[in-house]
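# Attaching a predicted model along with its sequence, questions to come.
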Amino acid sequence: MAAERVERKLAAILAADIAGYSRLMGADEEGTLARLKAHRRELIDPKIAEHRGRIVKTTGDGLLVEFASPVEAVRCAGEIQKAMRERESSLREDRRIEIRVGINLGDVIIDEDDVYGDGVNIAARLEALADPAGVVISSAVFEQVRDRVPDSFEDLGDHQVKNIARPVRVYRLAQPPTPASPTATSSLPLPDKPSIAVLPFANMSGDPEQEYFADGMVEEIITALSRIRWLFVTARNSSFTYKGQAVNVRQVGRELGVRYVLEGSVRKADQLVRITAQLIDAISGTHLWADRFDGSLEDVFELQDKVAVNVAGVIEPALLAAEIRRSVERPTTDLTAYDLYLRALAPAESGEKDRIIEALDLLGRVLEREPRYGPALALAAGCHNALDVSGWTNDAEANRREGIDFARRALRGAGDDPGTLARAAYVLGYSGEDFDAAIASIDRSLELNPSFARGWYWSGWLRLWAGEPDLAISHFEVAARLNPRDPRTWHHVLSIGVGHFFARRFEYARALLLRSLQENPRWVPTYRFLASCYAHLGRLDEAREVVERLRRITFAVVPSASHWRNPEHRELYLSGLRLAVGEAT
């Protein structure tokens, strides 16, 4: 029997509901219902009819409307929202009826008077992403209305929405200022660097007397985050105005002028405490990171400090990753020095020759705009260092001198920026140029920001070059603990493997070096240490095989190794590598 033919058509679907409907009904059931009926009768239904829309169905607090034209759907939504703001402006903000609207253009299935399909489902998911009194639209709608309506739109990026296979590009209709009211708060512009507010943590202990502990925890986290020099952190006094309130993260972001919000909870029972925290993008509402910390209350202040340092340490890479993604997604015609710097970070740290050269090109454009931009100078120094370390340059000495020059210029303008201090110190330490000054700079960096994961990592390498492998390993482990989701795990594994190599724990070093090589088979130093390690283990056939692979990616098989300041360590490394090379020739 032939399947029954399904009727389909292309339609603009508008989904709407009332923000905080249950709260409004709980506060004034009869009054809210009467106002809602009046809005429907006097404004909403007539506007839908005016723009040739058809109400498909209603719920207690929602509407589903079909339009033949996305232009009419957007015009209708904008006019309804404008009129609603005016009609409700005399009321306190927490008593206003505010509608959230999502609009999608898609193919839908017609079943009598109802509509179904992804076109409808996406509209409903968009509505859930909208702010109170806001309108969000899909990219399909945006492409149809962008030149046909006078409104402006903000690109909120791609969103993965429930039960929809592909990400949905979302745009928000720009809203005019909200009419003034006794509780209205204006939006603040975002600062010119990443910004965050730490909200008061919820006290889940059931004991009001434990509020002091939850508040103290937040203060410690704010202090720790404030040490991150490239981050704008809202003061405690502003964050704590939200204490005890059910907050909308997007609203907090607008009112405090921040892109990111950290919220969490504290649960204390007997001598144990559990702290949870989550980082949210206040613009899109996306959750970027979440974690849990458990500890004992034997020393409450030590625990607070420990959690604060760990939270700050894992938040910093999450924030930086989010900023890099945001920069890459921006149009290439809207580039500032900071955006170019962010774009250079990933290729600079890739461990791949071509991508490092790409990063240097981007950094050259940064420094044309801002010749004294410390982070870019330090990153350029690191790129030249990476090319030098791997033997990927035709003139090793010229490349080395250029890296030193960039590092010195970076330090001159570093001030109290931990990232610039640490990266430049790493390059100077490798070059052997004023090693004591490099150690002093890295220590200063960690004093300024004890939760700086990359600072601990670079400090570990300086300690290795100084001949202190066990101290180096402990610094590498701190870095890994502070940044447990670092995608560059190969570099952490390599560093700890090298530490064990110099501590003459060759078998353990071999396993770590192999693992690092599997994750990044293009990084030259890993091959060198693995070949030397095999040679010291007496496994010369495997050492020869590693050298053969090494020759395919560099001409500099045996380096000068002058940066290893301990003569015994330098000879340990080079003797194994020379033995491996001798067996290979």
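Yep, it's here.
# now residue 28: how far from residue 204?
30 Å (CB to CB, to the nearest Å). The way it works is simple: take the backbone N, C-alpha and C, and place the C-beta from them, glycine included.
# Which one's more surrounded, the two?
Between residue 28 and residue 204, counted using other CB atoms under 10 Å, the more crowded position is residue 204 (17 against 12).
# Just give the nearest non-adjacent residue to that one, would you?
Among residues not flanking residue 204 along the chain, residue 267 sits closest, at 4.0 Å (CB to CB, 6 or more residues apart in numbering).
# what pairs with the one you found across the strands?
Applying DSSP bridges to residue 267 gives these bridge partners: residue 274.
# quick one, what contacts it?
For residue 267, the contacting residues are 204-205, 273-275, by CB atoms under 8 Å, 6 or more residues apart in numbering.
# can you name the two of these that are farthest apart?
Taking CB to CB as the measure, the contacts of residue 267 span a maximum distance of 11.4 Å, between 205 and 275.
# Who has more neighbours out of those two?
Ranked by neighbour count (other CB under 10 Å), residue 205 and residue 275 place residue 275 first, with 26 against 18.
# Identify the residue nearest the more buried one in space, chain neighbours excluded?
residue 293 is the one closest to residue 275 (CB to CB, 6+ apart), at 4.6 Å.
# can you confirm the one you found is in a helix?
No: per DSSP: H, G, I helix; E, B strand; the rest coil, residue 293 lies outside any helix segment and is strand.
# any idea how far it lies from residue 387?
40 Å.
# can you check residue 252 too?
Going from residue 252 to residue 387 by CB to CB gives 45 Å.
# a markdown table please, covering the contacts of residue 267 and showing distance to residue 288 and pLDDT.
Below are those laid out as a markdown table (distance: CB to CB, whole Å; pLDDT from 0 to 100):
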| residue | distance to residue 288 | pLDDT |
| --- | --- | --- |
| 204 | 22 | 76 |
| 205 | 27 | 68 |
| 273 | 24 | 78 |
| 274 | 21 | 80 |
| 275 | 18 | 82 |
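# out of the residues you listed, who's nearest residue 289?
Comparing those against residue 289 with CB to CB places residue 275 closest, at 14.2 Å.
# Please parse this structure into its domains.
With domains defined by automatic domain parsing, the chain comprises 7-173, 195-318, 330-450, 487-585.
# how about the strands in the stretch 1-150 of the chain?
7-18, 53-58, 62-67, 99-111, 114-116, 135-138 (DSSP state E, counting those that start in this stretch).
# Which one of those lies nearest to residue 445?
strand 135-138 (42.2 Å).
# which residues are in contact with the closest one?
Contacts for strand 135-138 (CB under 8 Å, 6+ apart): 70, 74, 77-78, 81, 101-106, 122-123, 126-127, 129-130, 145, 153, 156, 168-173.
# Please repeat the previous calculation with a cut-off of 6 Å.
Residues outside strand 135-138 that contact it (CB atoms under 6 Å, 6 or more residues apart in numbering): 77, 101-104, 126, 129-130, 168, 170-173.
# which of these count as buried?
77, 101-104, 126, 129-130, 168, 170-173 (16 or more other CB atoms under 10 Å).
# export the residues you listed to TSV and tack on pLDDT and distance to residue 516?
Output for these, formatted as TSV (pLDDT from 0 to 100; distance: CB to CB, whole Å):
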residue	pLDDT	distance to residue 516
77	95	54
101	95	51
102	95	47
103	96	50
104	95	46
126	90	44
129	84	41
130	86	46
168	86	38
170	89	39
171	91	43
172	90	44
173	89	49
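# returning to that earlier point: can you flag the weakest of the domains of the chain by average pLDDT?
Note on the domains of the chain: lowest mean pLDDT is at domain 195-318, with a mean of 76.
# Show me where the stretch 451-585 of the chain has its strands.
Going by DSSP E, counting those that start in this stretch, the stretch 451-585 of the chain shows no strands.
# ok, which stretches of it are helices?
453-465, 469-482, 489-502, 506-519, 524-536, 540-551, 567-584 (DSSP state H, counting those that start in this stretch).
# now swap in the stretch 1-150 of the chain and tell me
21-27, 29-39, 45-50, 70-88, 118-129, 139-145.
# Could you list the buried residues of the longest one?
Yep, that's helix 70-88 we're talking about. Across helix 70-88, burial judged by 16+ other CB under 10 Å covers 70-78, 80-81, 84-85, 87-88.
# now do stretch 534-542
534-536, 539-540, 542.
# just stretch 469-489 next, same as before
Buried-residue list, stretch 469-489, by 16+ other CB under 10 Å: 469, 471-473, 475-480, 482-483, 486, 488-489.
# hmm, back to that, need the helices of the stretch 451-585 of the chain in CSV with distance to residue 64, can you?
Below are the helices of the stretch 451-585 of the chain laid out as CSV (distance: least, CB to CB, whole Å):
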stretch, distance to residue 64
helix 453-465, 48
helix 469-482, 48
helix 489-502, 47
helix 506-519, 49
helix 524-536, 58
helix 540-551, 62
helix 567-584, 70
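# end to end, how far does stretch 128-139 reach?
Chord length of stretch 128-139, first to last residue, is 16 Å (CA to CA, to the nearest Å).
# Quick one: distance of it to the chain centre.
In this view, stretch 128-139 has its centroid 23 Å away from the chain centroid, taken as CA atoms, centre = their mean, to the nearest Å.
# Equivalent analysis for stretch 572-579, please.
Per CA atoms, centre = their mean, the centroid offset for stretch 572-579 relative to its chain is 42 Å.
# Run through who's touching it.
Residues from elsewhere that reach stretch 572-579 (CB under 6 Å, 6+ apart): 528, 531-532, 535-536, 558, 561.
# Can you redo those residues as a markdown table, where the extra columns are distance to residue 438?
Listed next are those as a markdown table, based on distance: CB to CB, whole Å:
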| residue | distance to residue 438 |
| --- | --- |
| 528 | 22 |
| 531 | 28 |
| 532 | 25 |
| 535 | 30 |
| 536 | 29 |
| 558 | 25 |
| 561 | 17 |
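# buried subset of these?
Using 16+ other CB under 10 Å, the buried members of the contacts of stretch 572-579 are 528, 531-532, 535-536, 558.
# can those go into TSV with extra columns for distance to residue 58?
Formatted as TSV, the buried ones among the contacts of stretch 572-579 follow (distance: CB to CB, whole Å):
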residue	distance to residue 58
528	71
531	73
532	75
535	78
536	77
558	78
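# so which of the residues you listed comes closest to residue 97?
residue 528 (69.0 Å).
# which residues touch that closest one?
Residues near residue 528 by CB under 6 Å, 6+ apart: residue 577.
# Okay, it and residue 396: tell me how far apart.
15 Å.
# try residue 536
From residue 536 across to residue 396, the span is 27 Å (CB to CB).
# what's the first-to-last distance across stretch 447-461?
End-to-end for stretch 447-461, by CA to CA: 17 Å.
# Show me what whichever helix or strand residue 196 is part of is packed up against.
Element membership of residue 196 [criterion: DSSP states H and E] is strand 195-198. Helices and strands touching strand 195-198, by 3 or more CB pairs under 6 Å, 6 or more residues apart in numbering; DSSP states H and E, are helix 211-226, strand 260-269.
# ok now whatever helix or strand comes next after the longest one, how far from the chain's centre?
Where DSSP H and E defines the elements, the next helix or strand beyond helix 211-226 is strand 232-233. Here strand 232-233 shows a centroid-to-chain-centroid distance of 15 Å under the convention CA atoms, centre = their mean.
# in its sheet, what does strand 232-233 sit against?
When DSSP bridges is applied, strand 232-233 pairs with strand 195-198 (parallel).
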